[in-house]
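**Q** Sequence first, predicted model second:
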Amino acid sequence: MRFEILQKDKNSSARAGLLETGHGSIPTPIFMPVGTGGTVKAVHQRELIEDVEAKIILGNTYHLYLRPGTDVLESAGGLHKFIHWDRPVLTDSGGYQVFSLAAQRKISENGVTFKSHIDGSSHLFTPEKSMEIQRSIGADIVMAFDICPPYPSTYKDAKDSMDITHRWLKRCIDYLNQTEPKYGHPQSLFPIVQGSSFRDLREESASFIASCDMPGNAIGGLSVGEPAEMMYEHTAYVTDILPQDKPRYLMGVGTPENILTCIGLGVDMFDCVMPTRNGRNGMLFTTEGIINIKNEKWKYDHSPIDSELESHSSQYYSKSYLRHLFISKEFLALQIASLQNLAFYLFLVSEARKKIINQEFNSWKEEAVRRYMRRL
């Protein structure tokens, strides 16, 4: 994997770059649609390419391990072939499930024992096991197995989680150094900075992660309930320490405002379930602002969903029609709304990239936040 910074904004820490992987190039900053179980919900892979123009998608190690299982993925030749996707893939290691499935897991020095949310069966995830599964999945970017502590955490719990994350990282690196990718494409490991809401822990973790000299780095444990300003503060602490010449990935973030603010702090990569999850519930992100398409006010509005997103499906359907689909509980509503939101998010980072290259990012960002976050 190779990362090149093409332009830096003169009034912020924003950067425009190009990330090269075995399955293609990724312009940064970039938003990555979340396809937890091998699918971005309600959206065809063809639409991700032709309509949304996604450059990379996510899968999840824990979920793909349980279903369909690594035996199925290996028999298909890896996740790319299984889902018919020839662009880059990033896989979350299962570390987030340590946070989200807190009632169904037990942590030890060796790893985490999960009870399957599907059938209650017990499964031990160690750093080595997470790397083994990600080898079987065949992702271009694999994440280190970590512990994402909740917010708020005590200082002791945050430090213990950080320390074990660092020890597990060494085991992840050792496993990858002793094994080879399965499908002829390179895999790059991103370590994850932890430390909860404590500045000294965040800075210690970022320094440790930087010293490991991996191809890219991630910031975890944010967007888990803390105030937005705290997220921005801790992101700034970390990006000041992480290597300038390597991509930074802020995990699980977030709203358009979150993304633009953190691009300004030097983050290059984002993912979040918000565009698809909110879309399936009738909340649309558009270039005019945020719409609850189920509201009565859209009943007779026959204008396009988003007239500024040229060549996207939002040009072909009206607000009135999409509202009708939601009120009628038609499945097509979920598809159109998900496509709209993903198209908007990819438009957002593409516009940010253009503004960085033209040295206009900082002034544009303020107006963009006001416009895109207003409720219509």
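**A** Sure thing, it's come through.
**Q** ok now do the spatially most central residue of the chain, which residues does it touch?
**A** Central residue of the chain (C-alpha atoms, centre = their mean): D271, 1.9 Å from the mean position. Neighbouring residues of D271 by C-beta atoms under 8 Å, 6 or more residues apart in numbering: 31-34, 58, 90, 249, 251-253. For glycine as for every other residue, the C-beta is placed from the backbone atoms N, C-alpha and C.
**Q** From the contact counts, what lies against the worst-scoring helix or strand of the chain on mean pLDDT?
**A** Here the helix or strand of the chain ranked lowest by mean pLDDT, DSSP states H and E is helix 95-100, holding a mean of 82. Packing partners of helix 95-100 (3 or more C-beta pairs under 8 Å, 6 or more residues apart in numbering; DSSP states H and E): strand 105-107.
**Q** if you set the cut-off to 10 Å instead, what comes out?
**A** helix 61-66, strand 105-107, strand 112-115, strand 122-125, helix 155-178 (3 or more C-beta pairs under 10 Å, 6 or more residues apart in numbering; DSSP states H and E).
**Q** picking up where we left off before, leaving aside the residues next to it on the chain, what's closest to the residue nearest to the centre of the chain?
**A** Spatial nearest neighbour of D271, chain neighbours left out: M32 (4.3 Å); criterion: C-beta to C-beta, 6 or more residues apart in numbering.
**Q** Quick check: next helix or strand after the longest helix belonging to the chain?
**A** If you go by DSSP state H, the chain has its longest helix at helix 331-357. Next along the chain after helix 331-357, taking DSSP states H and E as the criterion, comes helix 361-372.
**Q** Can you tell me what sits against that following helix?
**A** Helix 361-372 has contacts (C-beta atoms under 10 Å, 6 or more residues apart in numbering) with 7-12, 14-16, 29, 255-261, 263-264, 285-290, 344, 347-348, 351-356, 358.
**Q** now the longest helix of the chain and helix 361-372, what's the angle there?
**A** Helix 331-357 and helix 361-372 are oriented at 160 degrees to each other (axes from the mean of the first three to the mean of the last three C-alpha atoms, to 10 degrees).
**Q** From the chain's centroid, how far away is helix 331-357?
**A** 14 Å (C-alpha atoms, centre = their mean, to the nearest Å).
**Q** Strands along the stretch 101-250 of the chain, start to end?
**A** Assigned by DSSP state E, counting those that start in this stretch, the stretch 101-250 of the chain shows strands spanning 105-107, 112-115, 122-125, 141-143, 188-190, 192-193, 217-219, 248-250.
**Q** Helix, strand, or coil at the residue of the chain positioned farthest from its centre?
**A** Seen from the C-alpha centroid of the chain, the residue lying at the greatest distance (C-alpha atoms, centre = their mean) is Y300, 36.0 Å away. With DSSP: H, G, I helix; E, B strand; the rest coil as the basis, Y300 sits in coil.
**Q** one step back: show me which of the contacts of D271 is closest to K159.
**A** Distance to K159 across the contacts of D271 (C-beta to C-beta) is lowest for M251, with 19.9 Å.
**Q** Could you say which one of the helices and strands packed on helix 95-100 comes nearest to R202?
**A** helix 155-178 (8.8 Å).
**Q** Does anything pack onto the closest one? Which helices or strands?
**A** Judged by 3+ C-beta pairs under 10 Å, 6+ apart, helix 155-178 is in contact with helix 95-100, strand 105-107, helix 127-137, strand 141-143, strand 188-190, strand 192-193, helix 199-211.
**Q** quick one: average pLDDT of it?
**A** Across helix 155-178, the average pLDDT comes to 98.
**Q** just stretch 209-218 next, same as before
**A** Averaging pLDDT along stretch 209-218 gives 98.
**Q** again, but for stretch 186-198
**A** Computed over stretch 186-198, the mean pLDDT rounds to 98.
**Q** Can you mark which positions in that stretch are buried?
**A** For stretch 186-198, burial by neighbour count (16 or more other C-beta atoms under 10 Å) applies to 187-198.
**Q** what about it, how long is it end to end?
**A** 35 Å (C-alpha to C-alpha, to the nearest Å).
**Q** From what I see, V273 and D92 are in contact.
**A** No: applying C-beta atoms under 10 Å, one finds V273 not in contact with D92, separated by 11.5 Å.
**Q** which residues are common contacts for those two?
**A** Overlap of the contact sets of V273 and D92 (by C-beta under 10 Å, 6+ apart) consists of 34, 36, 58, 252.
**Q** pLDDT score for the last one?
**A** If you check G252, the pLDDT there is 96.
**Q** And the pLDDT for the residue nearest to it when sequence neighbours are not counted?
**A** Distances taken as C-beta to C-beta, 6+ apart put S223 closest to G252, at 4.7 Å, once the chain neighbours are dropped. On pLDDT, S223 comes in at 93.
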